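Q: What would the 3D arrangement of this be:
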Amino acid sequence: YDGKCVFCRIARREEPGTALLPCQYEDLVCFRDIRPSAPHHYLVVPVEHIGNCKTLKGEHIPLVKRMMEVGKAVLQKNNFSDLNDIRMGFHWPPFCSISHLHLHVLAPASQLGFLSRLMYRINSYWFIT
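A: Reported below is the predicted structural model:
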């Protein structure tokens, strides 16, 4: 836990301004991005402080798979069912605004604006899917 990390505080429900969405795993939280780039833009965040996607190891594969499950589930709970029109991924350092692992879940990907298409470009130098 890092008290200076906003995502650690959100995960521990210490940020009353951030509403957590239902999540099927106790070690993950999900909430809306404060600067949405798509009609549906959520962040899936581990409760445990993990630096960023560059620090992930093989042992984290089940965690990342659960993060993706949560992302798909939150879209479906919010009446978005076309899972072929979504974008999920991590910003690669140094392009992370917050140094706590977080999966971006965006939908519909087809409605991303020009700048958002650049920011969340599939497997680019700055965003990995």
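
Q: Looking at this structure, which helix is longest?
A: The longest helix of the chain (DSSP state H) is helix 61-77.

Q: tell me which residues form a beta bridge with the residue positioned nearest the centre of the chain?
A: When the chain is reduced to its mean C-alpha position, the closest residue under Cα atoms, centre = their mean turns out to be Leu103, at 2.5 Å. Applying DSSP bridges to Leu103 yields these beta-bridge partners: Val44.

Q: same thing with His40?
A: Ala107.

Q: same question for the longest helix of the chain, mean pLDDT?
A: Averaged across helix 61-77, pLDDT comes to 97.

Q: Give me the buried positions along it.
A: Neighbour-count burial for helix 61-77 flags Leu63, Val64, Arg66, Met67, Val70, Gly71, Lys72, Ala73, Val74, Leu75 (criterion: 16 or more other Cβ atoms under 10 Å). C-beta here means a position set from N, CA and C on the backbone, and glycine is covered the same way.

Q: Can you tell me what sits against it?
A: 21-25, 27-28, 30, 40, 42, 44, 46, 56, 81, 83, 86, 88, 103, 105, 107 (Cβ atoms under 8 Å, 6 or more residues apart in numbering).

Q: which is the next helix or strand following that helix?
A: Of the helices and strands lying after helix 61-77 in sequence (DSSP states H and E), the nearest is strand 87-91.
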